[in-house]
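> Pasting the sequence and the predicted coordinates here, then a few questions.
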Amino acid sequence: MESTIVKDSVVIKSRDFNAYFGTNHVVKNVNIDIPRNQVVAVMGPSGCGKTTYLRCINRMHELIPGASSRGEMKINDEDIYEMHPIFVRLKIGMVFQRPNPFPNLSIYDNVIAGYKLNGIKLARTERDRIVEHSLTRVALWNEVKDSLNKKGSFLSGGQQQRLCIARAVAMEPEVLLFDEPTSALDPISTSTVEELFHELKTNYTLIIVTHNMQQAARVSDRTAFFYLGELVEYDETKTMFTNPKDNRTQNYITGRFS
Amino acid sequence: MAQIETELQLLKVEVTYMYTLVRSQLSNARLAFVNFDKDLAREVTQKEKRVNATELKIDRDCENIFALFCPVAIDLRFLLAVLKINSNLERIGDIADGIAKYVIKADGPFKKELLEVSRILQMYDESVVILDDTQNAFEQEDTILARGVFKKDEFLDNINLGATGILDKYLKDHPEDTLQALWILSIIRRLERVGDQSKNIAEEIIFYLEAKVLKHNKKH
């Protein structure tokens, strides 16, 4: 697919990007521009390379033995693969499918875990400010402000996932990656997290891998459809869900994929 | 086959049934009008209830598919088109009903000379052809046939436009036929609406198949 150039400022830019597991070519020549302060949904059938592509954005793919990548992946025109991985992950936070707060840490410590693990020392007042600010951003502050010293695992599934988002937000990244962030949540928690996406995009750029097409339609500004490692189509979500250009996209979103 | 495909196919069958009903209403209203058959005209007015019930059934089925299957892309366009096609067909059913009511109210058969000079039968036949074209275009997913409707509708528009002058001239020689001429003019106006409704349907078929919006666009 030809690259889609977006006139707004681009945060993440991939050019001829490829990823491999050993000799298995799982992401093929992906060209994509992710515009700033937008929500981009990445969808496609299992094994299409969408999660691998997501993990390549913050260099988590290379942590897997035998995994490699080739091509250009840039954040604000800086080559992600020439930056220090820790610095990359400061700029690009990630939230996973299952809520994974540190079970032994309190809610408070979970939020500032990124600072602690990176050895960044902060004054108490600054820590307090970050915790309150991050929990407020994910609409969790009012629910947990009186129990900040309780363990993160004390919270419900939906709250735990918002805590994980708060943990990512606390580092003030530019981009937040979400790998099926609501697939383990009930519909009410899912709805809360989806509402959060709309609010988060005023400050961050969100890239969400989802199997749930209705979720992609509800929350994203643009949608990318991956199939067999290729980026088949990338367009405004409204267009993708009303008039997709490629038959493979149409077959997938209308449930006619064999 | 995905369940939504089955549901959409069933819906298509229902729309085809609606077409058959409306087509039969329009043809029977023509027969009643030409043969001055008040019994047949009454049958048309009775069957109007069935057209209305079918319209409601199709609306309800669309609503259910929207709610249960969250259709997108061509499925979404198909459903949106069906909702509008359904409503246009129901209006054509109303037009047939209206024509049948004129027949019921009229005192005697319409004069042959008046029928000929007004070109109303030509217009009637063409409006049925246009309706058939939209049905075929819908069933066969044929946008070329759908586009042909726009040209044919112009034929109806021309007869409609000329009707007032023609009847005015006719009435100067046959003032005793004033009432009949007024009925004829009313029916001509209604047939012109059949053309418009069919044109709307053709636009919906093109929207559904090609994702192009032709509404309010003169260049078809």
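Nice, I can see it. Quantities reported herein were computed from a predicted structural model and do not represent experimental measurements.
> Against B:Val44, how distant is B:Thr54?
Per Cβ to Cβ, to the nearest Å, B:Thr54 is found 15 Å from B:Val44. Yep, even glycine has a C-beta here, placed from its N, CA and C like the rest.
> An error on my part: the question was meant for A:Ser9.
65 Å.
> tell me the contacts of the residue nearest to B:Leu131 when sequence neighbours are not counted?
Once flanking residues are discounted, B:Leu131 sits nearest to B:Ser198: 5.5 Å by Cβ to Cβ, 6 or more residues apart in numbering or on different chains. Under the criterion of Cβ atoms under 8 Å, 6 or more residues apart in numbering or on different chains, the neighbours of B:Ser198 are B:88, B:92, B:127, B:130-131, B:133-134, B:149, B:153.
> shaky segments in chain B?
B:218-220 (pLDDT under 70).
> Pick out whichever of A:Ser9 and B:Val44 has more residues nearby.
Taking other Cβ atoms under 10 Å in any protein chain shown, A:Ser9 and B:Val44 do not tie; B:Val44 has more neighbours (29 against 11).
> Going by residue numbers, what spans are strands in the stretch 101-250 of chain A?
Assigned by DSSP state E, counting those that start in this stretch, the stretch 101-250 of chain A shows strands spanning A:175-179, A:205-209, A:222-227, A:230-236.
> right, is the third one up against chain B?
No - interface with chain B: strand A:222-227 contributes nothing (Cβ under 8 Å from any Cβ of the partner chain), its closest point being 10.9 Å away.
> Note down every partner strand of that strand and its orientation.
Using DSSP bridges, the strands paired with strand A:222-227 in its sheet are strand A:39-43 (parallel), strand A:230-236 (antiparallel).
> Which part of the stretch 1-150 of chain A gets nearest to chain B, residue-wise?
Closest to chain B within the stretch 1-150 of chain A is A:Met43: 11.6 Å, counting by Cβ to the nearest Cβ.
> Identify the residues contacting the residue most central in space within chain A.
Residue closest to the mean C-alpha point of chain A, counted by Cα atoms, centre = their mean, is A:Leu177 at 1.4 Å. By Cβ under 8 Å, 6+ apart, the residues touching A:Leu177 are A:54, A:57-58, A:92-95, A:207-209.
> Just the ones in helices from those, please.
Those of those mapping onto helices are A:54, A:57, per DSSP state H.
> For B:Glu43, list the residues it contacts.
With contact set as Cβ under 8 Å, 6+ apart, B:Glu43 has these partners: B:Asn28.
> hang on, it in a helix?
Yes - B:Glu43 sits within a helix when classified using DSSP: H, G, I helix; E, B strand; the rest coil.
> Could you report the neighbour count for residue 194?
No chain in the question, so chain A it is. Close neighbours of A:Glu194, defined as other Cβ under 10 Å, add up to 18.
> ah, I was thinking of chain B
Around B:Val194 there are 26 residues (other Cβ under 10 Å).
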